[in-house]
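> Predicted model, plus sequence, below.
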Amino acid sequence: MWVFDSLFAVSRQLLGQLLGLLDVYFWVFELALVGALLYVIVQAVRTDGPWALLYQPKTRNRISQLALVIFVLHAYGWIRGNMAANLEDANRRTGFDFLNETASFQILTTPGTWLMSYEPGTSTYWDVFLVGVTNTLAVAVIGVIAATLLGFVLGVFRLSSNVVLRGFATVYIELLRNLPLLLQLFIWYKVFVDFLPSRRGDPWSFFGGALTMDKSGLRAPFPLFGEEMIWVLAALLLAVVGAIGLSRWARLREERTGLPFPSFWVGLGVIVAAPLLTFWALGSPLEWEQPQRTRFGFRDGSGLVMKPEFLAIWLGLTLYTAAFIAEIVRAGILAVHQGQTEAANALGLRSQQTLNLIVIPQALRVIIPPLTSQYLNLTKNSSLAVAIGYTDLYSLSGTINQKVGQEVEIIIMIMAVYLFFSLSISILMNLYNQRIALVER
């Protein structure tokens, strides 16, 4: 965990230094822009006379752009100064020093509390904030993966010739995407809280008792990794890199010789076999901590637990977003010309081959742009978790604000995190979209 602590400490220092630089050099930037504006005006007047400011588009564009930037910076400076004066009059402290103070409240057991090793009375408000960031990221990542898989399946079902599958997908999509998301979250939370067995009752068991579920959440054995597991992870990483290299080699070989190579199955075998063999050679450095049950229910801190709040927000976001993704997939498939399918049938390809090799690759060019918007929506909609008690970024930031009373700084931090998440998703999806785009000769 020392790696995460070091990264978080460095990021906090960089944030403080960045804000300090903005405070110090703000007026320098504005004065430099004013000087640039005056320089453009003087040069235009000296070269072509005063009428150049009206009749030369290039000069007008430069002046208007500089004037707009100066206005925005000046407005920001006025707002910031006014806010600082009001906070000083109200005797409110400013800055981010509160992040070093100790937090003394308990947080719901979540992926963030496990990753950050949160302990009341020991951890700081910065740790609390990072717990919220981790919880939001966990819901977003798992939700995006699950919603994508479910959405693609439902989108294909919508175009199926099977009446039952098509009818099920249609009812699902029209029902879930026309109900408010907040209402769906309340429904799922009600299901997990009221309709599951009580803590003292007999829990539901799945997979021979490996998974159990009651009102306290979904429980499973917790993996305890030995020190040698680092070599297993290294073997997995090397296997993934090797599989990627094998896939590229197979593609180049097929383009050069026309001979196909089963790179997917060979690469998958390497990815599975390499870490397993390493794991076996090192003596299986992994143990499982089983959930411990008493007459009052499962003991807290034993095993791996997913609380009802986490399950409700994840399931609600997944099912809701999958309905929109399904319509995007359906529209993308319909955008592929029918002649492509007819040509594939004429070549003797089966329906599954036609869908996987002909239709879906072309439909992705239509699917990816709106799919990016759904990923962004799912990530930002995770802030609704506060309504059902899940301790996400927004919820824990509100708790911190109640303790320290520094709304401005906390809102800036929340905005920065959501902006980072959104820009990261957009950049990754745009890179993938450029990769699959048609390349003109």
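Arrived safely, thanks for sending. Numbering: from 1, shown residues only.
> how much space between residue 266 and residue 260?
12 Å (C-beta to C-beta, to the nearest Å). Where you see a C-beta, it was placed from the backbone N, CA and C, and this is true even at glycine.
> more neighbours, these two?
A count of neighbours by other C-beta atoms under 10 Å puts residue 266 above the other of residue 266 and residue 260, at 15 against 10.
> Angles on the backbone of residue 139, please.
The phi/psi pair for residue 139 (degrees, to the nearest 10) reads phi -60, psi -40.
> Give me the number of neighbouring residues for it.
For residue 139, the tally of surrounding residues (other C-beta under 10 Å) stands at 25.
> was I right about residue 121 contacting residue 104?
Yes. With contacts defined as C-beta atoms under 8 Å, residue 121 counts as touching residue 104 at a distance of 5.3 Å.
> From the chain's centre, how far out is stretch 298-305? Work that out for me.
In this view, stretch 298-305 has its centroid 27 Å away from the chain centroid, taken as C-alpha atoms, centre = their mean, to the nearest Å.
> Which residues outside it are in contact with it?
The contact list for stretch 298-305, computed with C-beta atoms under 8 Å, 6 or more residues apart in numbering, reads 109, 199, 203, 212, 214, 216-223, 289-293.
> Buried subset of these, written for PyMOL?
Applying 16 or more other C-beta atoms under 10 Å to those, the buried members can be selected in PyMOL as follows:
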select buried, resi 109+203+212+214+216+217+218+219+220+222+291+293
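> I'd like the distance between residue 96 and residue 355.
Relative to residue 355, residue 96 is positioned 53 Å away (criterion: C-beta to C-beta).
> swap that for residue 72, please
50 Å.
> Neighbour count for these two, which is higher?
More crowded of residue 72 and residue 355, by other C-beta under 10 Å: residue 355, with 18 against 11.
> For residue 287, give me phi and psi.
The phi and psi torsions at residue 287 (degrees, to the nearest 10) take the values phi -130, psi 160.
> Name whatever forms a beta bridge with it.
residue 224 (DSSP bridges).
> Hmm, residue 224 and it touching each other?
Yes. Taking contacts as C-beta under 8 Å, residue 287 lies within contact range of residue 224: 4.5 Å.
> and residue 120, what is it in contact with?
Counted by C-beta under 8 Å, 6+ apart, residue 120 has contacts 103-107.
> By neighbour count, which of the residues you listed wins?
residue 103 (25 neighbours).
> show me where this protein has strands.
In chain order, the chain shows strands spanning 204-206, 211-214, 217-220, 222-225, 286-289, 293-294, 297-298, 304-306, with DSSP state E as the criterion.
> in its sheet, what does the second one sit against?
Here strand 211-214 is paired, per DSSP bridges, with strand 204-206 (antiparallel), strand 217-220 (antiparallel).
> These: which one's closest to residue 168?
Evaluated over the strands paired with strand 211-214, closeness to residue 168 peaks at strand 204-206, with 23.6 Å, by C-beta to C-beta.
> Can you tell me how far residue 144 is from residue 99?
Counting by C-beta to C-beta, the gap from residue 144 to residue 99 is 29 Å.
> hmm, I was thinking of residue 205
When C-beta to C-beta is applied, the distance between residue 205 and residue 99 equals 43 Å.
> cool, and residue 368?
In this structure, residue 368 and residue 99 are separated by 38 Å, where distance is defined by C-beta to C-beta.
> Tell me which of these two has more neighbours.
A side-by-side neighbour count of residue 368 and residue 99, using other C-beta under 10 Å, places residue 99 first with 23 against 19.
> Residue 212 is in contact with residue 201, correct?
No. Using C-beta under 8 Å, residue 201 is not in contact with residue 212; the gap is 11.4 Å.
> Low-confidence bits of this protein, can you list those?
Low-confidence regions of the chain, defined here as pLDDT under 70, cover residues 1-31, 33-34, 36-37, 39-56, 59-60, 63, 301-302, 438-441.
> Leaving out the residues flanking it, which one is nearest to the residue nearest in space to the middle of it?
Of all residues in the chain, the one closest to the mean position by C-alpha atoms, centre = their mean is residue 140, 4.2 Å from it. The spatial neighbour of residue 140 that comes closest, neighbours along the chain excluded (C-beta to C-beta, 6 or more residues apart in numbering), is residue 379 at 4.4 Å.
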